[in-house]
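>>> Fold the following.
(one chain, ligands or ions: 4)
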Amino acid sequence: YHAKAAGRNTYQFFTQKMNSAASHFELETSLRSALAQSQFELHFQPIIDIGTRRLHSLEVLLRWRRPGSGLVGPDKFIPILEENGLIVPVGEWVIRRACEQSMEWKRQGLQPVPLAVNLSPRQFMHRGLVPAIRRILDDTGIDPALLEFEITETALMQQGEQTLDILGQINAMGIRLSIDDFGTGYSSLAYLKRFPVKKIKIDRAFIKDLERSAEDRAIVAAIIALSDSLQLSVVAEGVETEGHYALLQEQGCQFAQGYLFSPPVPRVNAANMLERLG
Ligand code: C2E
Ligand code: MG
Ligand code: MG
Ligand code: MG
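Numbers count the residues shown, from 1 in each chain. Ligands and ions are numbered 1, 2, ... in the order given. Got it, this is the predicted structure:
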């Protein structure tokens, strides 16, 4: 037993912990001023109609232009915003900015396509959400049929009757709802019937090995069959190869999203996609 080595290991352990605590603290501190300093921006990823291979809608994906760090992806900062509650104002900003963008494109004469905005669990449970959405629809004048919200299974399962009530109110405004990352949460199928949801997005974990794995093909086929019988649309996430595309087409999947078509892109590039539609 080498006390010295053990001491060194403990020391390393603590410095690692302290460094990661410090960088978390730094991240959190700079996130607090990011909204006021206009450091957030929206990127857009096409969702393709498998039948026609044309653009159907765009998913809105948040990015943080952090000074000195370049473009930061949401996996790095959404969990922190969830933790400290900042997701509420930031999430509201995303909805507003998406609606403004849609109206801007409309004024430019571009073909209107639905924009799908992600809602996080904490944002979804916040009492101010529904009134905020109403205000944004009012202020921007967007056609609610051009707005969609994506909510994960896990978020939907966290609350009981309250969830149903909020979903009902959003649905009543004419905004479509879809279940994101389908198959990775509880996958309780009962709620598909109870909730006013119009679309499910199959998590990319099931698409990744579609060409190699008979199990994944069976799971995807089952989800598509289930959605068909409940009259829900289906989007496959993470479509990266022509092989994925062909299999999904064969199985009757309606929509696809993934690097095969495009990664998420800034608004100028998204506008170009809309231009090509017209
Ligand atoms: P998500 O809603 O499931 O979005 C899809 C994620 O998969 C995006 O990551 C997208 O870039 C990535 N992706 C798309 N196609 C492919 C592909 O072919 N292969 C692979 N490997 N990945 C692909 P991104 O933009 O990093 O976003 C990650 C997550 O962050 C999103 O997952 C969503 O849950 C969350 N998020 C993003 N924007 C917002 C937002 O405005 N509000 C909230 N609450 N969450 C957001
Ligand atoms: Mg999503
Ligand atoms: Mg997803
Ligand atoms: Mg996800």
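>>> mind checking which helix or strand of the chain has the lowest mean pLDDT?
Every helix and strand of the chain was ranked by mean pLDDT, DSSP states H and E. The lowest is helix 3-34, at a mean of 75.
>>> Restricting to C-alpha, output the helix or strand following it in PDB.
Going down the chain from helix 3-34, the next helix or strand is strand 40-49, by DSSP states H and E. Output in PDB follows, covering the C-alpha atoms of strand 40-49 (Å, rounded to 0.1, in the frame of the first residue of the first chain):
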ATOM      1  CA  PHE A  40     -29.100  32.500 -28.500                       C
ATOM      2  CA  GLU A  41     -30.000  31.600 -32.100                       C
ATOM      3  CA  LEU A  42     -32.300  29.200 -33.800                       C
ATOM      4  CA  HIS A  43     -31.200  26.600 -36.300                       C
ATOM      5  CA  PHE A  44     -33.500  24.600 -38.400                       C
ATOM      6  CA  GLN A  45     -33.500  21.000 -39.600                       C
ATOM      7  CA  PRO A  46     -35.700  19.700 -42.400                       C
ATOM      8  CA  ILE A  47     -38.300  17.000 -41.900                       C
ATOM      9  CA  ILE A  48     -38.900  15.300 -45.300                       C
ATOM     10  CA  ASP A  49     -42.000  13.700 -46.700                       C
END
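>>> From the chain's centroid, how far away is the helix or strand that comes right after strand 40-49?
Taking DSSP H and E as the definition, the helix or strand that follows strand 40-49 towards the C-terminus is strand 54-66. Mean-position distance between strand 54-66 and its chain equals 9 Å (Cα atoms, centre = their mean, to the nearest Å).
>>> Buried ones in strand 54-66, by neighbour count?
When neighbours are counted by 16 or more other Cβ atoms under 10 Å, the buried residues of strand 54-66 are found to be 55-64, 66. C-betas here are computed from N, CA, C, even on glycine.
>>> filter these down to the ones close to ligand 1.
61-62 (Cβ under 6 Å from any ligand atom).
>>> Just send the buried residues of strand 54-66 back as a markdown table, with pLDDT and distance to residue 45 too.
Listed next are these as a markdown table, based on pLDDT from 0 to 100; distance: Cβ to Cβ, whole Å:
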| residue | pLDDT | distance to residue 45 |
| --- | --- | --- |
| 55 | 97 | 11 |
| 56 | 98 | 12 |
| 57 | 98 | 10 |
| 58 | 98 | 7 |
| 59 | 98 | 5 |
| 60 | 99 | 9 |
| 61 | 98 | 6 |
| 62 | 98 | 12 |
| 63 | 98 | 12 |
| 64 | 98 | 17 |
| 66 | 95 | 21 |
